[in-house]
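Engineer: turn this into a model:
(chains A, B and C)
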Amino acid sequence: MIAEAASQALSLIVSFDANVMAVVALSLQVSGLATLIGAMIALPLAAWVAQTRSRVREPIVVLLNASMGLPPVIVGLVVYLLLSRTGPMGSLGWLFTPSGMTFAQVILITPIVAALARQVLEDADQEYGDLFRSLALSRWQSLCALLYETRFSLLVLLLAGFGRAIAEVGAVMMVGGNIAGHTRVMTTAIALETSKGELALALALGLILIAIVLAINVFAHFAKLYLRRRYA
Amino acid sequence: MLEATQATATIANLESVSLVQNGVAILRDLSLSVRTGEHIALLGANGAGKTSLLRTIHGLTIATSGRVEAPVASEQAMLFQKPSLLRRSTLDNVAFALEARGHSRRGALSAARDALDRCGLYAFADRYARTLSGGEQQKLALARAMILQPKLLLADEPTASLAPRAVFEVEQLIDELCSASTTLVIATHNRGQAKRLATRIVFMSEGCIVEDTSSAEFFSNPVSQEAIEYLNVERV
Amino acid sequence: MNRRYFLSVIAAIPFAISSASLVAQDTSITVASTTSTEQSGLFGHILPLFKKASGIDVKVVALGTGQALDVGRRGDADVVFVHDQAAEEKFVADGFGVKRIAVMYNDFVLIGPSDDPAKAAGRDVVAGLKAVYNGKSAFVSRSDKSGTHAAELRYWKQASLDPASEKASWYRETGSGMGPALNTAAAMNAYILADRGTWLAFKNRQSLKVVVEGDTKLFNQYGVMLVNPAKHAHVKKDAGQKFIDWLVSVDGQAAIASYKIGGEHLFFPNAAK
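Structural biologist: Below you'll find the model as predicted:
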C-alpha cells in the first residue's frame, strides 16, 4: 500500500496534476494567509502581554495558554455558526469560501502563536528589559526591539502555527464544505479520498502534504542559517 | 575656577531613601549626594545593596520612600554586570543606542564606527556581537553606553566575571572614557579597581551607607567595624 | 517599522481575507447535497455538463441529508438535493424550501461479508436484517441522521426490531458518512446498509459484497428543493431555479442516466414529466 501510494504521489507530482496542484495551492494560500494574519495579531498582543503590568495580564495569559488546545472542530463549529447566513457575520457571505476557512484558521492559530510568543518575549524582556529602559526606549521602540531580538524563535513559532493550520481538517471541513475546485484543501481531499475507499490515493496526497510541510521547514531552516552566518 | 564650581554642583541626590522588596528592606533610610565630575566606588559585601542603589539612581527601581534626584534618563547610562548584547552585529549594537534616540541610521552607523575605534573594537564591527569574548563584550557595552555622552555613568560590577587581563582592559577603558566631566559611580569588589578609578569610597552594609570618605582615608583608616571586617576578609 | 505603517497593515487584514476568495463569482450557486451523490462521482459527471449549458458554477457541499437540510434552513445554500422524502416534505412544509421535486432514484443494498455468516442473503431486506439480528453478526450503522440512516431505521422498524435502543454489542453506531462507514465495515467484516452509488464507487471493499438487493423497499428517491427566497433574501433564486429546471429537463435526466461505473448505472432519472 505504501509503495503504491508513494509511486502514485510521485506520478501526481511529476505529472503536475492540475486538480492536485489547485488543492495544494489553496492549502498554501489559506494556511499561509492565516499564519500571516495570525502573526500580525498574535505578535503585538504577545509583546504587549509580555511587558504589561496591567491587571488583565494574568487572565489573558491563562486564556491564551488554554486556547492553545482549542479543538479545530469546535472552532469550525463556532465559526460555522458565526458565518452562517442566520449568524451574526452572515452578511459577509464567507461560509463555504476560502475567506471563511482563513478566518477559522486565524482563530485556531492566533492563540498558539500568541501564547508561545509571549513566553519567548517575556524571557527576552528579562534579558533586555533593563537595557531598554536604561537606553530610555519608548514602549513602542522596546516592543519592536523585543520582536526583532527574538526573530529566530518567532520564526519557529510561526512555522508551528502554519504546520497546525495546514494539517488541520476539522475547521476547514466544516467552514469550507470541501467544495471541489473551490474550498477543497489537502486535508479535506485526503478525508474525501479515504471516504471513497481510495486509500492509496489518500495516502499519496498525505505524502505530498508532508513533503510540502517538510520543504517549507527545510527552507526556513536554511534561511535562518544563512541569516546567522552573516554575523558569525 | 569653572572646574571648582562644577565640582560643587550636585548631579544626583538621595534623601532618606528606603527600598522594600517582597517584605525585605533592601535600602534603609539612605542619603547620598553625588557631585558633578566625581568618581565614586561603591564597596560592600554581596547583598549590601550596591546594585539596588545604582538601579534606584538610574530609575530602574522605584524607591519605596524618600527622595531621588537624578539627571533625566537621556543624560545617564548604566553598565550592567552582564553586558546584555543584542543579537546583532557589534556595530549595530552600538548604533542601536543612537537610533533609539532618533538619529538617522547613517549617522548612527558612522558614530558607532568611531566609538568602536576608540574602544579598540573596530576590527569586530561586523561580527555577531554574541561571539565576542567576555572582555570584548563588556567593552562593547561600554562603547554603547558612552556613545550617548552621558553626564552620569553607573557601572554595576562590570568586570566581576572577567579574566584578569580583560579586567585590566575594561578598567582602563572606563578610565579613559570617563573624563573629568563625566561622573562615575561604580560598584565593585575589586579594591585595586576602586583605588585606581575612584577618589571617593561609599561603603555599604545591609542597605545602609556605613562610610563615605576619600579613597585614601578609607583604605588606610577604616572607621566602622563592618569596613574593617570587609577589608580583612578581602585580604585573606 | 513605525506605528502608522503597522496600523495600516492591521487595517488591511479584512481586505486580505476577502481577497482570498478569488474564485467567488456571481454566476455560482451553492448546493447542499449528500455524500452519496458527491462520493459516487455523479456530480463530477453532470456538473460540467450543466456549466456548459448554463455558464453557472455549482459548488457542492456534501453532507448527510440531515445536515444538508440544516444548511438549507440556515440559508447557507441556494439549493438542497437530498434523499429522505419525509424530512424533505417537512422542510418544505416548514417554509424553508419552495417545492420538492423528484429527480432520480437509486437503491440501497445490504452489504455483508462474502461468506455471509448470518445467512442474510436474499431479495428481502427485512428478512436479511432479521437474520443479522438473530446471528448477532457485526452491523455498522451510519447513525448520522442521513437519508441512508433514516432508511435503515425504517427497515428495522418493519422487522419489529430495535437494536439501537437495545444497545446490542454487535450493532456499531459510527456516526460517520457513507464512505467512512464502509471503511469501518470493511475493516470489521460487518454488515452495512449502503446506497448503491457509493458502494459501486467505493474502492476499499476487502471481502465485502452485496448480500441483499432488488427489494422494492430498497428504493431510494432523491429530491431537489430551492431554498425559500422569502426566508433568505440572498438566495440566488434564478440560478438555483435554472439548476433545478435543468436537472428535470431532458438534458439533465439524460446526463444522470449516462453516469456509469464499470458498466452499471448508478442513478435512474424519474422526474415527473
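Engineer: quickly list what the most centrally placed residue in chain C is bridged to.
Structural biologist: In chain C, the centroid-proximal residue (Cα atoms, centre = their mean) is C:T34; its distance is 2.0 Å. Going by DSSP bridges, C:T34 is paired in beta bridges with C:L63.
Engineer: looking at it, it is touching C:H83, isn't it?
Structural biologist: Yes: applying Cβ atoms under 8 Å, one finds C:T34 in contact with C:H83, separated by 6.1 Å. In this view, the C-beta of every residue, glycine as well, is placed from N, C-alpha and C.
Engineer: which residues are in contact with both of these two?
Structural biologist: C:T65, C:G147 (Cβ atoms under 8 Å, 6 or more residues apart in numbering or on different chains).
Engineer: re the thing from before, now the residue nearest to the centre of chain C: how far from chain A?
Structural biologist: 12 Å (Cβ to the nearest Cβ, to the nearest Å).
Engineer: for the residue of chain A found nearest chain C, grab the count of nearby residues.
Structural biologist: Proximity of chain A to chain C (Cβ to the nearest Cβ) peaks at A:S195, 2.6 Å away. Neighbour count for A:S195, taken as other Cβ atoms under 10 Å in any protein chain shown: 24.
Engineer: let me know the helix or strand that the closest residue to it other than its chain neighbours is in.
Structural biologist: Using Cβ to Cβ, 6 or more residues apart in numbering or on different chains and skipping residues adjacent in sequence, the residue nearest A:S195 is C:G179, 2.6 Å away. Under the criterion of DSSP states H and E, C:G179 resides in helix C:178-188.
Engineer: on that earlier part again, measure the residue nearest to A:S195 to C:A187 for me?
Structural biologist: With distances taken as Cβ to Cβ, to the nearest Å, C:G179 is found 13 Å from C:A187.
Engineer: those two: who's more crowded?
Structural biologist: C:G179 (28 against 11).
Engineer: just checking, that one touches A:E198?
Structural biologist: No: here C:G179 lies out of contact with A:E198, judged by Cβ under 8 Å, at a distance of 9.2 Å.
Engineer: pLDDT below threshold where in the chain?
Structural biologist: As the question left the chain open, I've gone with chain A. Confidence mapping of chain A against pLDDT under 70 gives the ranges A:230-232.
Engineer: think we crossed wires, I meant chain B
Structural biologist: Looking at chain B by pLDDT under 70, you get B:1-8, B:234-236.
Engineer: check chain C too.
Structural biologist: For chain C (pLDDT under 70), the answer is C:1-26, C:273.
Engineer: closest residue of it to chain A?
Structural biologist: C:G179 (2.6 Å).
Engineer: now do the same contact list for that residue.
Structural biologist: A:L192, A:T194, A:S195, A:K196, A:G197, C:T35, C:Q39, C:T198, C:F202.
Engineer: tell me which helix or strand the first one sits in.
Structural biologist: Spelled out, it's A:L192. helix A:186-195.
Engineer: quick one: B:V233 from A:Q126, how far?
Structural biologist: 32 Å.
Engineer: equivalent analysis for C:R172, please.
Structural biologist: Taking Cβ to Cβ, one finds C:R172 at 55 Å from A:Q126.
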